[in-house]
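In: please work out how this folds:
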Amino acid sequence: MDAVRVYLGLAAKGSAIDPRVLDRARSVIETAFPVPPDVIRGQEWHGQGVSLFAWSNEPDDSRRPPLLHSQDGGVIGVNGHLADPADVTRLPDPEVGGCFSTWTARDRELSAATAANRICPVFYAETTGLHVVGSRALLVHLAAQPDERLAFDVMALQTMVRSGYFLSDETPYLGVAALPPNARIDVRGGSRTVTRQELPQAAPAPTTRREKRAALDELAAALMATVEPLRAAAEPVNLALTGGRDTRILAALLHAAKLPFRVTTNGLDTHPDVILARRIAAELKLEHTVIAPPQTEDRDAMLVEHPLERAWETLRTCEGMTSAYESIVGYLPYSSTPTMSGQGGETLRAGSLNLLQSDLSDKALLRRIGATFLKDERLFTTAANEHARQQARPWQERENKLEALHHIYLSYRVGRWQASARAGALRRGDSVRPYLDNRVVRAALSLDQRWALSEEPIYSLVLRFAPRLRDVPIEGKPWRFVEGQTKRWPWSHVPPPHLPTARTGGGWSWRTSPGPALTDVLREQVLGSLDALEPIVNPDEVRALFAEPVVTKPAAAWNLYTVSTLLTGLYPGKRPEGLERVTVHRP
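Out: Prediction:
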């Protein structure tokens, strides 16, 4: 189970670390850790030429392993959690289960390592006399800077404007890079090396029932291991359950593990999510709570927070690596109640980019890779587009295009976007994310991508964990392996027809339908700071984006707004005060 832990390692290129650098590291943690200062507690370890700092908002030392665990004359820290806390002695073994990155320090040696999807990231930088490695990019940058002035890598931010997250190992901060997935950074005797192990390769598609069962054994065992820590939880886990695929597997998993849990669904009684979640709860004899959404459909307008307040909190929490278009979970005091959601479930289905494809030819997949990295080319400068092409090229050159798109999803959609946005939720306490577990990811990568895309493996997992759910329909679209299938073996189970997604026609979102007043606020900030954005965007195209009274590409507008506020110094800085809420009228 996760909570926010922050690590910072310093390694001198010479014999010792300047004490002023240590003092600076202690002084900037309140800026880089997005929780109230009074809940931060920390530990330090100092050896010859190496220091390792660790901070957390956990209320006590009951979590295992501790912030800094003594080992082999030094210490080891775990950002995130291990499926089995005793595995701390195995680290940095790449096959350990859990959601984690590892941090090791001893005399003249500093190391950090990421798991298969780097959901717990590692960032690093270098100065003339120091190597800096940390779990927060802004913290690494501030520790490496001689003062609190920030230096931005503006060209790296082109991907933030395109996508709202990073499709690279770059960060907003000059000289700070993210460690790749399944990689390790070592500083020994003042010299740094970065090594990366290859991710597991997919096995050939199984062709018999026995081969399919065997192929799923490792994945099922890995999923089961992710919920074992819940046996020690004081309260039942709360699962956010929908009528879809990913949370259904988790309900079946918890049921198979015989763990106490309850389920919660957001929606109206007539929505397929609620209808199907009720059926699942009834079949598994679960306590089920339905939370009806605010009834805003009949209202003419909404009052929403000023974008500057939203951007400030997003920059503070996500360090300029997630757009304010996204809704980041706000801070609440730490809670030990375990929660679970289906975040990252596409990992078991070859990733969200492959799921977008109907044509799986190499030519079509190559187009998808290009479109992923070079979205909205006209909006960007020649230099920014060439930068994006360079980032796309290694992926385009991979022989296996299905695998390339799956790895892009894991490396960036999970390892950059979800890793950054997840920081908000982790501030609140214990969240369990089985699909982000290192062993689960490795097992999912071992499945043939076409077989994984067919959804037969995940359907088989549901039947393996909870056979009682075999006749509960799925929401949205049919199971992929059922579509177009005409031949049935007598022993094969036929899934029931799916329940189509409800189309209410009356709902609206202020983010996607921002209205003229909110568009004015976004426009004023972006057009007023075009000088800062000019290295990466075409000013005329940006003006054209905002030419209409209501912006027609709200995600792009929010991405530009986020990068604009970052570059013009919104954070670090005092939280904006006295801003009036903005009225957004229903279109």
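In: same question for the helix or strand residue 70 falls within, mean pLDDT?
Out: Assessed by DSSP states H and E, residue 70 sits inside strand 69-71. Mean pLDDT, computed over strand 69-71, is 91.
In: quick one: buried residues of that strand?
Out: Neighbour counts using 16 or more other C-beta atoms under 10 Å place residue 69 of strand 69-71 among the buried residues. To be clear about C-beta, it is placed using only N, CA and C from the backbone, and glycine gets the same treatment.
In: for it, packing partners?
Out: In terms of contacts (3 or more C-beta pairs under 8 Å, 6 or more residues apart in numbering; DSSP states H and E), strand 69-71 is packed against strand 74-82.
In: picking that back up, how far is the strand holding residue 70 from where the chain is centred?
Out: 29 Å (C-alpha atoms, centre = their mean, to the nearest Å).
In: so residue 345 touches residue 248, yeah?
Out: No. Contact criterion C-beta atoms under 8 Å: residue 345 and residue 248 do not qualify, at 9.7 Å.
In: ok, those two, which is more surrounded?
Out: When residue 345 and residue 248 are compared for neighbours, residue 248 comes out ahead with 27 against 22, by other C-beta atoms under 10 Å.
In: my read: that one touches residue 469, true?
Out: Yes. Look at residue 248 against residue 469 with C-beta under 8 Å: they come within range, at 6.8 Å.
In: so what sits against both of the two?
Out: Here residue 248 and residue 469 have 280, 462 as joint contacts, going by C-beta atoms under 8 Å, 6 or more residues apart in numbering.
In: where exactly do the helices run in the stretch 401-550 of the chain?
Out: 401-408, 419-426, 438-445, 449-453, 456-465, 515-527, 530-533, 539-545 (DSSP state H, counting those that start in this stretch).
In: reformat the ones you listed as CSV; add distance to residue 236.
Out: Formatted as CSV, those follow (distance: least, C-beta to C-beta, whole Å):
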stretch, distance to residue 236
helix 401-408, 34
helix 419-426, 19
helix 438-445, 22
helix 449-453, 31
helix 456-465, 18
helix 515-527, 40
helix 530-533, 49
helix 539-545, 48
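In: out of those helices, nearest to residue 304?
Out: Taking C-beta to C-beta, helix 515-527 is the member of these nearest to residue 304, at 7.1 Å.
In: any low-confidence regions in the stretch 1-150 of the chain?
Out: 1-3 (pLDDT under 70).
In: show me where it has helices.
Out: 19-32, 137-144.
In: deepest-packed of those, please.
Out: Of the helices of the stretch 1-150 of the chain, the one with the most neighbours on average (mean count of other C-beta atoms under 10 Å) is helix 137-144, at a mean of 26.
In: how about that helix as PDB, C-alpha atoms only?
Out: Extracted C-alpha coordinates of helix 137-144, given in PDB (Å, rounded to 0.1, in the frame of the first residue of the first chain):
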ATOM      1  CA  ALA A 137      12.100  16.600 -10.000                       C
ATOM      2  CA  LEU A 138      11.700  20.000  -8.500                       C
ATOM      3  CA  LEU A 139      13.500  18.900  -5.400                       C
ATOM      4  CA  VAL A 140      16.500  17.600  -7.500                       C
ATOM      5  CA  HIS A 141      16.600  20.900  -9.400                       C
ATOM      6  CA  LEU A 142      16.400  23.000  -6.200                       C
ATOM      7  CA  ALA A 143      19.100  21.000  -4.500                       C
ATOM      8  CA  ALA A 144      21.400  21.300  -7.600                       C
END
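In: how far off helix 19-32 does that helix point, in degrees?
Out: 160 degrees (axes from the mean of the first three to the mean of the last three C-alpha atoms, to 10 degrees).
In: angle of helix 137-144 against helix 419-426?
Out: Going by the same axes, to 10 degrees, helix 137-144 makes 100 degrees with helix 419-426.
In: can you redo the helices of the stretch 1-150 of the chain as a markdown table with distance to residue 563?
Out: Formatted as a markdown table, these follow (distance: least, C-beta to C-beta, whole Å):
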| stretch | distance to residue 563 |
| --- | --- |
| helix 19-32 | 19 |
| helix 137-144 | 15 |
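In: what distance do you get for residue 428 to residue 337?
Out: Using C-beta to C-beta, to the nearest Å, residue 428 is found at 9 Å from residue 337.
In: and these two? Which one has more around it.
Out: Neighbour tally, residue 428 and residue 337, criterion other C-beta under 10 Å: the higher count belongs to residue 428, 20 against 14.
In: got the phi and psi for that one?
Out: phi -80, psi -20 (degrees, to the nearest 10).
In: residue 183 now?
Out: phi -130, psi 170.
In: so how far is residue 81 from it?
Out: 20 Å.
In: more neighbours, those two?
Out: Between residue 183 and residue 81, counting by other C-beta under 10 Å, residue 81 is the more crowded of the two (26 against 19).
In: can you pull up the bridge partners for that one?
Out: For residue 81, the beta-bridge partners are residue 99 (DSSP bridges).
In: just give me the residue right at the centre of this protein.
Out: residue 418 (1.2 Å; C-alpha atoms, centre = their mean).
In: contacting residues for that residue?
Out: Counting by C-beta under 8 Å, 6+ apart, residue 418 has contacts 119, 343, 344, 436.
In: widest-spaced pair of those?
Out: Across the contacts of residue 418 (C-beta to C-beta), the longest gap, 9.4 Å, separates 119 and 343.
In: overlap of the contact sets of those two?
Out: Common neighbours of residue 119 and residue 343 (C-beta under 8 Å, 6+ apart) are 418, 422, 433, 436.
In: could you save those as a markdown table and add columns showing pLDDT?
Out: As requested, the shared contacts of residue 119 and residue 343 are arranged in a markdown table below (pLDDT from 0 to 100):
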| residue | pLDDT |
| --- | --- |
| 418 | 92 |
| 422 | 86 |
| 433 | 91 |
| 436 | 94 |
